[in-house]
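>>> Structure of the sequence below:
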Amino acid sequence: MTVNDLSIGERVYLSRRRHSLTQRDVAGILGITRRQMQELESNRFKGSMTYLDTFARIAAIHDHERCVIARRRSGKSMSEMEAGTGMSRQWIYEMETGREHCGALLNYWGLVGDGLPV
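Residues are numbered from 1 along each chain as shown. Sure thing, here's the model as predicted:
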């Protein structure tokens, strides 16, 4: 998975996470509503996205970010992840935020190397 494989909503989501901002924070910066921000991150936003180029620009995806994008694309909840992996929600969270090595999640999602999740 490379940056080119990400939608604009996924790039905005990762950029927001990297800057420790809430959806409300970014909505205020971009001059849109929080609801529009939710739609943007889930690729349902119908407004103009020309102003997002700078905010959504990221050069590379970290392994832990590949894991969180795979989970978001799958639609799985943390409860489902806990049941499917045998790991606690807290441990999954620690891996998805980059606080712990995420090799187990990379394997779970089949993201060893540059493969996209199925």
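>>> okay, and for this protein, where does confidence drop off?
47-55, 113-118 (pLDDT under 70).
>>> Can you tell me the centre-most residue of it?
I69 (4.1 Å; Cα atoms, centre = their mean).
>>> those helices in the chain, which residues are they?
Along the chain, counting by DSSP state H, helices occupy 8-18, 23-30, 34-41, 63-74, 78-85, 89-96, 103-109.
>>> Can you say which of these is nearest to M1?
Nearest to M1, of all those, is helix 63-74, at 5.0 Å by Cβ to Cβ. Every residue, glycine included, has its C-beta placed from N, CA and C.
>>> got the angle between the closest one and helix 34-41?
For helix 63-74 against helix 34-41, the angle by axes from the mean of the first three to the mean of the last three Cα atoms, to 10 degrees is 100 degrees.
>>> Restrict helix 63-74 to CA atoms and write it as CSV.
Provided in CSV are the C-alpha atoms of helix 63-74 (Å, rounded to 0.1, in the frame of the first residue of the first chain):
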residue,chain,number,x,y,z
ASP,A,63,3.2,0.5,8.8
HIS,A,64,0.8,1.2,11.7
GLU,A,65,-1.2,3.6,9.4
ARG,A,66,-1.5,0.8,6.8
CYS,A,67,-3.1,-1.3,9.5
VAL,A,68,-5.6,1.3,10.6
ILE,A,69,-6.5,2.0,6.9
ALA,A,70,-7.0,-1.7,6.4
ARG,A,71,-9.4,-1.9,9.4
ARG,A,72,-11.3,1.2,8.2
ARG,A,73,-11.7,-0.3,4.7
SER,A,74,-12.9,-3.6,6.1
